[in-house]
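Asks: Sequence plus predicted model, see below.
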Amino acid sequence: MKSAVIEKPGTITTHEHETHRVTRPDEVLVKVMASGICGTDVHIYHGEYMGSYPMTPGHEFSGVVIEVGEKVTRFKPGARVAVEPNISCDNCAACLNNRQNFCENWQAVGVTRPGAMAQYVLAPEKVVFDAGEIPFPQAAFMEPLSCVLHGIESAGIRLGDNVAVIGTGPIGMLLIRTARAGGATRFTVAELSEQRLEAARRDGVSEATTDVASLPSDRFDVVIDATGAPPMLSQAVRLARPGGRILMFGVSPQGKTATIEPFQVFRKGLSIFASYTSRRNSLQALSLIGSSRVRVDDLVSHRMPLESLEAGIHKIEDRRENAMKVMIFPNEESR
């Protein structure tokens, strides 16, 4: 089998080695058919996120079951599946209080263990989900959509909410579509890319601008930052109406700080939420994708083979490429 390996920050090579085999009774071996490049993968590539090197990234993926352990009961070879990368121990204080996303013994496919930028990957049965007839590239959105669902639930989206979203990359678009499915009715977006703004307009947003500073203060029920850029937090505080909610969804660079005026948070009675990974949202995500209630197929902008993983990361970083979701197909027949 082939795997793309980040040897050290900034260096990726393709390795050929023995195909993984099931060695644990609860394991499932999956042939990877589609694996999306995530912003987290970009951070790992640059050495800006947890994980040791060398490592194989890839945590947004779908595929076909090839082999199962003797205690696996829900899947047989040939099943079409999507995989939740976060693996909780289910026995620590966090897990026992339904905070599996903060598991004290957390592991993750593509972060702390070999990921899906490879032709085959191993995962425990408990994080594998039946994808049914959902096309593989769409099923690979299960993980990012599950994270979005957790964020939308945290922010408490309500019927008729007026929402501002900063950043309309693939995650920003998923946030808009999921908030709309949850009952929000009006969306205003700020995004530097004119092409992304045009895509948001086609998606039915009410107002779109390249200049977040031009948006009116004190207007929005919910303000969502999908960029992770620290200066956007102060903008979110300005934009939110009195009694409004702010969702910090984008991943900010570790060690960077933001400046806000605490008095404004107090005076306006704002609630600020952060959303870390997902929490038991995978079945919801697959249901929304499979029913087309949240559309994802049009977010795939580039389809590339495994050997082009590094080029795919550069496409995401190069604004001239207008990349949304770059999807890697480790097994060529799946393209």
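Replies: It's in. Since we're looking at a predicted model, the values are computed, not measured. Residues are numbered from 1 along each chain as shown.
Asks: Please count neighbours and contacts with C-alpha atoms only from this point.
Replies: Fine.
Asks: Could you give me the buried positions within stretch 308-327?
Replies: By neighbour count with 16 or more other CA atoms under 10 Å, stretch 308-327 contains the buried residues 308-310, 312-313, 315-316, 322-327.
Asks: what's in contact with that stretch?
Replies: With contacts defined as CA atoms under 8 Å, 6 or more residues apart in numbering, stretch 308-327 is touched by 4, 12, 34-38, 42, 117, 137, 169-170, 193, 195-196, 299-304, 328.
Asks: one more time with 6 Å, if that's ok
Replies: Residues outside stretch 308-327 that contact it (CA atoms under 6 Å, 6 or more residues apart in numbering) are Ser35, Gly36, Ile37, Gly169, Pro170, Leu299, Val300, Ser301, His302, Arg303.
Asks: Same check on stretch 83-99?
Replies: Stretch 83-99 has contacts (CA under 6 Å, 6+ apart) with His59, Gln100, Cys103, Trp106, Gln107, Ala108, Val109, Val127, Val128, Glu143.
Asks: Can you select the buried ones among the residues you listed for me in ChimeraX?
Replies: Here is the ChimeraX command that selects only those of the contacts of stretch 83-99 that count as buried (16+ other CA under 10 Å):
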select :59,100,103,106,108,109,127,128,143
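Asks: Could you provide the contacts of stretch 83-99 in TSV, with additional columns for distance to Glu332 and secondary structure?
Replies: Formatted as TSV, the contacts of stretch 83-99 follow (distance: CA to CA, whole Å; DSSP: H, G, I helix; E, B strand; the rest coil):
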residue	distance to Glu332	secondary structure
His59	19	coil
Gln100	35	helix
Cys103	36	coil
Trp106	32	coil
Gln107	29	strand
Ala108	25	strand
Val109	22	strand
Val127	25	helix
Val128	23	strand
Glu143	22	helix
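Asks: wait, which of the contacts of stretch 83-99 is closest to Arg21?
Replies: Using CA to CA, Val109 is the member of these that sits closest to Arg21, with 15.7 Å.
Asks: Would you mind measuring from that closest one to Gly151?
Replies: Applying CA to CA, to the nearest Å, the value for Val109 to Gly151 is 21 Å.
Asks: ditto for Asp41
Replies: Asp41 sits 20 Å away from Gly151, going by CA to CA.
Asks: Those two: which has the busier surroundings?
Replies: Legend: neighbour count by other CA atoms under 10 Å for Asp41 and Gly151, higher for Gly151 (26 against 21).
Asks: Report the contact partners of that one.
Replies: By CA under 6 Å, 6+ apart, the residues touching Gly151 are Ser275.
Asks: Repeat the analysis, applying 10 Å as the threshold.
Replies: Counting by CA atoms under 10 Å, 6 or more residues apart in numbering, Gly151 makes contact with 145, 157, 175, 178-179, 224, 247-249, 273-279.
Asks: now swap in Val265 and tell me
Replies: Ser234, Val237, Arg238, Ala240, Pro242, Gly243, Gly244, Ser271, Ile272.
Asks: repeat for Tyr276
Replies: With CA under 10 Å, 6+ apart, Tyr276 has these contacts: Asn101, Phe102, Cys147, Val148, His150, Gly151, Met248, Phe249, Gly250, Val251.
Asks: thinking again about what came up before, looking at the buried residues of stretch 308-327, which gets the smallest pLDDT?
Replies: Here the lowest pLDDT out of those sits on Asn322, with 85.
Asks: Nice, that's everything, thank you.
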